[in-house]
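Asks: Have a look; sequence and predicted model below, questions after that.
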Amino acid sequence: MDRSNLTGRATEISEAVRSLAGNLSSQGIPEPSFEHGLPAVLQTDAADSNALSARMRLLGLLDELRDLLTDPALLGSPELRNPSLSILALIRLKIFERFPSGGTTIKDLAQLVNRNENIVRRLMSHAATYHVFFQEKPDFFIHTAGSRILTENEGMRSWMLVGLGETMPGALKIAEAVSQHNDSEEPQHSQQGWSIQNGTDLPVFQALANMPERAKVFATAMSWHAQLPGYSPQYLVDHFPFGSGDITVVDIGGGMGHIARALAEFCPTVQCIIQDRPEVISQAEKLEALPVNLQDRIRFQAHDFFQSQPVHGADVYLLRHVLHDWSNKYARKILQALIPALKPGAKVILNDRIIPSYGEGNYMKEREARDYDMYMLGLQNAQERTPDDWKSLFKDTDLRFKVVKISQPSQSYLSIMEVIWEG
């Protein structure tokens, strides 16, 4: 069987399906179906049944196919598979960074990183079972696409550290957190398993301010994640409801300003004000200077978005990937802080994840979105929201907010919600 192409793999999968179905039929075991409750148990004690081995073979083939069809940059993301603790250890031990591009023996690798040879062998062998983190040969390991990215890309390594070292451990504490403060919407209480995991009463962003090394990793991970193709500023630019004439856009929580730059480059009549915490603005201003054609149209401003908005009368207030970090209580506070500055007809634009209601979209996309919802619950007592959740949030904040349009660029992870202030 030629496994070097998708057609060959599909043929092999088809044959494995027929084999499994035939074995089940011969034993009088119904085929598994979600239409009638839980799938039937596929194991059987019959001596002449190959159902179990056929099942395991089919699952392996499907797992390999899934890895082949997944972007290498996303192969290790916790939301795509059960997290591999060996990957976390290999990152923390700096083994990815030092792994030779042409491959190496375990003995040489252990000497290179000054670690116990047996431990390195066990970690590497476990990582190799994930298909995408190294390929194991007799006493020799070579790169796969996923491991090469982790070796070469600090942002990807940081993303894995945050996912496996921060988000997942916090998520595992959700049940314990809920049992302590069932009704709390405070970021440091209730569902925020991260606080319990780390033994702190502070919300994650405050706590990280006192952990400079972890804060740096977190910031690097978020910056890398924001540059993934599905988060490209181009989706927002192409679908942005600007209006006409000179437009002032306030980019709230705009970080280093990559969104504002994209908007200003796209539309020569746009003026952008980037707002964020003082330490973020200070860092952004130290980066490379703005292009000459943008210097008079982009400026930075330190601002706490829980305080009254200082820029009055702007045409657009942009919140990109901000409100999902907060529970409804604090999301309402962020929106309420805008109200004194809003002129009638001003637009509040959300560029955020909108999760589908049950059964409304592809189940894999819904599962991924609801995985993120659990991560936000465990990390910050925050949440991802359905369209109805978002509409209720604005309605509960002030009836003068009117949601007029929700769009989802076809390849973007984030939707665009246009809200008009009718006050």
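Replies: Sure, I can see it.

Asks: Any stretches of the protein with poor pLDDT?
Replies: 1-3, 36-49, 71-84, 131-132, 171, 177-193, 241-244, 288 (pLDDT under 70).

Asks: ok, longest helix in it?
Replies: Longest helix in the chain, counting residues (DSSP state H): helix 6-26.

Asks: Specify the next element, helix or strand, located C-terminal of it.
Replies: Note on helix 6-26: by DSSP states H and E, the next helix or strand toward the C-terminus is helix 51-68.

Asks: For the stretch 51-200 of the chain, which segments count as strands?
Replies: 135-137, 140-142 (DSSP state E, counting those that start in this stretch).

Asks: Return the list of helices and strands in contact with the last one.
Replies: Read that as strand 140-142. In terms of contacts (3 or more CB pairs under 8 Å, 6 or more residues apart in numbering; DSSP states H and E), strand 140-142 is packed against no helix or strand at all. (C-beta placed from N, C-alpha, C; glycine too.)

Asks: What is the burial count for residue 203?
Replies: 22 (other CB atoms under 10 Å).

Asks: you'd agree it is up against residue 210?
Replies: No. The pair formed by residue 203 and residue 210 falls short of the contact definition of CB atoms under 8 Å, at 11.9 Å.

Asks: Dump the strands of the stretch 51-200 of the chain to CSV, plus mean neighbour count.
Replies: Converted to CSV, the strands of the stretch 51-200 of the chain look like this (neighbours: other CB atoms under 10 Å):
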stretch, mean neighbour count
strand 135-137, 13
strand 140-142, 18
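
Asks: any chance of those in JSON lines, plus distance to residue 370?
Replies: Compiled in JSON lines, those are given as follows (distance: least, CB to CB, whole Å):
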{"stretch": "strand 135-137", "distance to residue 370": "33"}
{"stretch": "strand 140-142", "distance to residue 370": "35"}
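
Asks: mind checking which of those strands is nearest residue 388?
Replies: When these are ranked by distance to residue 388, counting by CB to CB, first place goes to strand 135-137 at 46.2 Å.

Asks: ok, now which ones touch residue 234?
Replies: Under the criterion of CB atoms under 8 Å, 6 or more residues apart in numbering, the contact list for residue 234 reads residue 262.

Asks: Spatially nearest residue to residue 258, not counting backbone neighbours?
Replies: residue 233 (6.3 Å; CB to CB, 6 or more residues apart in numbering).

Asks: any chance you could map the helices in the stretch 251-400 of the chain?
Replies: Listed in chain order, the helices of the stretch 251-400 of the chain (DSSP state H, counting those that start in this stretch) span residues 258-266, 278-286, 328-336, 363-380, 387-397.

Asks: just to revisit the earlier point, buried residues in the longest helix of the chain?
Replies: Neighbour-count burial for helix 6-26, counted by 16 or more other CB atoms under 10 Å, picks out 9, 12, 13, 16, 19, 20, 23, 24.

Asks: what's around residue 161, how many residues?
Replies: By other CB under 10 Å, 20 other residues sit near residue 161.

Asks: so who does it touch?
Replies: Counting by CB under 8 Å, 6+ apart, residue 161 makes contact with 88, 91, 92, 217, 221.

Asks: Of the strands of the stretch 51-200 of the chain, give the one that comes closest to residue 410.
Replies: Using CB to CB as the measure, strand 135-137 is the one of those that comes nearest residue 410, at 34.1 Å.

Asks: Adjacent strands (with direction) for that closest one?
Replies: Applying DSSP bridges to the sheet, strand 135-137 is found paired with strand 140-142 (antiparallel).

Asks: Might one say that residue 325 is in contact with residue 381?
Replies: No. Under the criterion of CB under 8 Å, residue 325 is not in contact with residue 381, lying 10.0 Å apart.

Asks: These two: who's more crowded?
Replies: residue 381 (30 against 21).

Asks: if I look at that one, how far off is residue 326?
Replies: In this view, residue 381 and residue 326 are 8 Å apart by CB to CB, to the nearest Å.

Asks: still on that earlier bit, count of residues packed around the residue nearest to residue 258?
Replies: Applying other CB under 10 Å, we find 20 residues neighbouring residue 233.
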